[in-house]
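Undergrad: any chance you could fold what I've pasted below:
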Amino acid sequence: MEELTKTEEPIMQALWKLKQAFVKDIIEYLPDNPKPPYNTVSSVVRILERKGYVGFKAYGKTYEYFPLVSKAQYRAQSLKRMLARYFDNSPAALVSYMVEESLNPKEIQQLRKLLDEDDAKDSAGRG
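TA: Just a heads-up that it's a prediction; the model follows:
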């Protein structure tokens, strides 16, 4: 799965949220700063369709687009790429970085709880 460009990503985010949409609906969903032109969004959606991210239903000359790749599928691939590029394929290195750099104490506590629950499940499964 090819990585989304900075231009493609907000359009895919819109389609993931909207589930199905015409180009005008995608433009409406995008933030004002300023709104991209209709032709630009239409071109990007067609590129996403060629890349296999988006499908469409034709209504005459009008097209309704929908995601073919789920947000969860893309997130999993993106995480794998990030782990490979920046963390030597080590989830532990990623978690360590997050604990040191970006998690607040409450989030660290939640992470500990998840790890403890996972340990309990593993122990119960082996017993």
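Undergrad: now do stretch 65-72: distance to the chain's middle.
TA: The chain centre lies 10 Å from the centre of stretch 65-72; the measure is C-alpha atoms, centre = their mean, to the nearest Å.
Undergrad: give me the residues contacting the longest helix seen in the chain.
TA: The single longest helix within the chain, with elements called by DSSP state H, is helix 105-126. Outside helix 105-126, the residues that touch it by C-beta atoms under 8 Å, 6 or more residues apart in numbering are 95, 99, 103. Where C-beta positions appear, they are placed from N, C-alpha and C, glycine not excepted.
Undergrad: show me where the protein has its strands.
TA: Under the criterion DSSP state E, strands of the chain are mapped to 54-59, 62-67.
Undergrad: export those to TSV and tack on mean neighbour count?
TA: Shown next, in TSV, are those (neighbours: other C-beta atoms under 10 Å):
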stretch	mean neighbour count
strand 54-59	13
strand 62-67	17
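Undergrad: take those and write them to a markdown table, including mean pLDDT and distance to Gln110.
TA: A markdown table is the format used below for the strands of the chain (pLDDT from 0 to 100; distance: least, C-beta to C-beta, whole Å):
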| stretch | mean pLDDT | distance to Gln110 |
| --- | --- | --- |
| strand 54-59 | 97 | 35 |
| strand 62-67 | 97 | 30 |
